[in-house]
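Enquirer: Test case, fold it:
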Amino acid sequence: MRSSSGRRSSFCIRFFAHWLGKEAGVALIASLGLGMAILMPLLYQQGADVTRIYYGTDTRVFALLLGAAMGLWRAGAAAPKKNPLWREIGEFVSFELLLAAVLFACVALSGENPLLYRGGMFLSTIVFCLLLAITADRGMTIGAFLDMRLFRWIGGRSYGIFLWQYPVIFLFQQKGWEKEPYAALWEVALLLLGDVDGGADEEHRTAQAARLRQPPRPCAGGVLPRPHLGRRPP
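Expert: A predicted model of the protein is given here:
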């Protein structure tokens, strides 16, 4: 699930970048994201069930499109080894303010708050895009710190964790386990377990597919057969 969704998104982004060029591709994807962001406040009705708006692909795709536009814009950008002091201070202050805004929104706003559906989701997406733009700058101290192996490992699996969270939450709700002590810790453990296992299977299939594309290897008795593409042994 994670692999197919990620590959489709990556293919679309690369297609636009190759067909239109990087700058035009960024402009097109960002424009689509800004246009789709209008759907959520248009469809929202105060007091009505927000499930359709919150989980709808059409009402939430603007965040994916804006993030893709920013990622395409940053792709291939060469950053200096060390930023000037004035830029370092400015980005550090901006990072702290944006992070404080995110934490405040997480604590103060509930999932039923009308502000979320009347522009709040869009504003939060812009804030996260700015945070990512700052942290992606490896010439900044925060960017270099978050480029550590541990954070890169978490970032490489964050999309899989996002996909696993709803099945895990639904399971705990249906079984009534969310009321048990340490339920949140068990949910996190299941999220990590499911994503790590899925990532291991994907890495194994990718490695085998790469070996299949290699030419046959000569050996003393002739030519070794190509490896068989199968499941990872238990």
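Enquirer: What's the mean pLDDT across stretch 75-94?
Expert: Mean pLDDT, computed over stretch 75-94, is 74.
Enquirer: okay, how far is it across that stretch, tip to tip?
Expert: Start-to-end span of stretch 75-94 (C-alpha to C-alpha, to the nearest Å) is 22 Å.
Enquirer: How about stretch 103-121?
Expert: Stretch 103-121 has an end-to-end distance of 14 Å (criterion: C-alpha to C-alpha).
Enquirer: Phi and psi next, for residue 48.
Expert: The phi/psi pair for residue 48 (degrees, to the nearest 10) reads phi -90, psi 160.
Enquirer: Check the gap between it and residue 150 for me.
Expert: Residue 48 is 43 Å from residue 150, where distance means C-beta to C-beta, to the nearest Å. C-beta: built from backbone N, CA, C; applies to glycine.
Enquirer: And for residue 31?
Expert: 36 Å.
Enquirer: ok, those two, which is more surrounded?
Expert: Between residue 31 and residue 150, counting by other C-beta atoms under 10 Å, residue 31 is the more crowded of the two (12 against 8).
Enquirer: what bits of this protein have low per-residue confidence?
Expert: 1-18, 76-83, 138-139, 195-234 (pLDDT under 70).
Enquirer: mind running it again at 50?
Expert: By pLDDT under 50, the low-scoring segments of the chain are 1-5, 200-201, 204-208, 212, 216-234.
Enquirer: Where do the helices of it begin and end?
Expert: For the chain, the helices defined by DSSP state H occupy 2-20, 22-36, 39-43, 51-55, 57-74, 85-108, 114-115, 121-135, 141-145, 149-175, 183-212.
Enquirer: burial count for the residue nearest to residue 177 when sequence neighbours are not counted?
Expert: In this structure, residue 177 finds its nearest non-sequential neighbour in residue 183, 5.7 Å apart by C-beta to C-beta, 6 or more residues apart in numbering. For residue 183, the tally of surrounding residues (other C-beta under 10 Å) stands at 13.
Enquirer: now residue 181
Expert: When counting by other C-beta under 10 Å, one arrives at 7 neighbours for residue 181.
Enquirer: do the same with residue 119
Expert: If you count neighbours by other C-beta under 10 Å, residue 119 ends up with 12.
Enquirer: Can you name the residues that contact it?
Expert: By C-beta atoms under 8 Å, 6 or more residues apart in numbering, the residues touching residue 119 are residue 41.
Enquirer: Okay, buried residues for stretch 158-170 please.
Expert: 160-161, 163-165, 168 (16 or more other C-beta atoms under 10 Å).
Enquirer: so what's the closest residue in space to residue 171 that isn't next to it in sequence up against?
Expert: Closest residue to residue 171 in three dimensions, ignoring its sequence neighbours and counting by C-beta to C-beta, 6+ apart: residue 177, at 7.6 Å. By C-beta under 8 Å, 6+ apart, the contact list for residue 177 reads 171, 183, 186.
Enquirer: Identify, from the residues you listed, the entry nearest to residue 113.
Expert: When the contacts of residue 177 are compared for distance to residue 113 (C-beta to C-beta), residue 183 wins out at 24.3 Å.
Enquirer: if I read this right, the closest one contacts residue 169, doesn't it?
Expert: No. Proximity of residue 183 to residue 169 does not meet the contact threshold set by C-beta atoms under 8 Å, at 10.3 Å.
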